[in-house]
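Chemist: next comes the sequence, and after it the predicted model I'd like to discuss.
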Amino acid sequence: MSMSPEQIEAFLETEFPQVRETYGDIHVEQAGDMKSVVRIPFSDNHLRPGGTISGPTMMMLTDLAFYVAILGVIGTAHLAVTTNLNINFLRKPGHADLIAEAEILKLGKRLAVGQVTIRSEGETGPVAHATLTYSIPEGIARQS
């Protein structure tokens with residue numbers, strides 16, 4: 001059973017409180033139709049030396065956005081896990097919110113494969129692009 005953005009945010013708050021504790025308010029703006037849009041507000045806490053948003057922050061956002069896309073299709077999947085994440089950092093992000101757009105390219109019985117593009121709010125070019133594979137727990141029925 002698929003989940004709405006509001007249901008996903010409530011699920012993340014309950015099941016993954018460390019995300020909010022570490023990264024602040026993260027907003028699920030869209031979920032469903034094999035896609036998601038997730039926003040992380042800009043914070044000085046996300047900066048690394050040199051004044052750019054850190055790679056770990058962008059990797060977390062990438063992983064979370066793809067997980068949200070999966071939740072938007074198959075619903076609660078506590079044990080869905082990342083099996084591969086390959087990210088390319090393309091340009092220095094601005095001091096603005098980061099917006100991740102995730103797309104599931106293939107959703108099978110046991111694996112989900114997709115991509116995530118991250119942009120800085122107000123900029124057109126991507127700051128990072130990633131490909132991911134997630135393992136889907138056995139017995140999870142997906143929506144067609």
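Modeler: That came through fine.
Chemist: all contacts plus neighbour counts: C-alpha atoms, from now on.
Modeler: Noted.
Chemist: neighbouring contacts of the least confident helix or strand in the chain by mean pLDDT?
Modeler: Of all the helices and strands that make up the chain, helix 17-23 has the lowest average by mean pLDDT, DSSP states H and E, namely a mean of 83. Under the contact criterion Cα atoms under 8 Å, 6 or more residues apart in numbering, helix 17-23 has outside partners 12-13, 26, 40, 45-46, 57.
Chemist: would you list the residues you listed in a markdown table and tack on neighbour count?
Modeler: Listed next are the contacts of helix 17-23 as a markdown table, based on neighbours: other Cα atoms under 10 Å:
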| residue | neighbour count |
| --- | --- |
| 12 | 17 |
| 13 | 16 |
| 26 | 18 |
| 40 | 21 |
| 45 | 12 |
| 46 | 20 |
| 57 | 17 |
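Chemist: rewinding a little: and the least confident helix or strand of the chain, what's buried?
Modeler: Of the residues in helix 17-23, those buried by neighbour count under the rule 16 or more other Cα atoms under 10 Å are 19, 23.
Chemist: with stretch 116-132 instead?
Modeler: Residues of stretch 116-132 classed as buried: 116-121, 126-132 (neighbour count, 16+ other Cα under 10 Å).
Chemist: need those residues in a markdown table (columns: secondary structure and pLDDT).
Modeler: A markdown table is the format used below for the buried residues of stretch 116-132 (DSSP: H, G, I helix; E, B strand; the rest coil; pLDDT from 0 to 100):
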| residue | secondary structure | pLDDT |
| --- | --- | --- |
| 116 | strand | 98 |
| 117 | strand | 98 |
| 118 | strand | 98 |
| 119 | strand | 98 |
| 120 | strand | 96 |
| 121 | coil | 96 |
| 126 | coil | 98 |
| 127 | coil | 97 |
| 128 | strand | 98 |
| 129 | strand | 98 |
| 130 | strand | 98 |
| 131 | strand | 98 |
| 132 | strand | 98 |
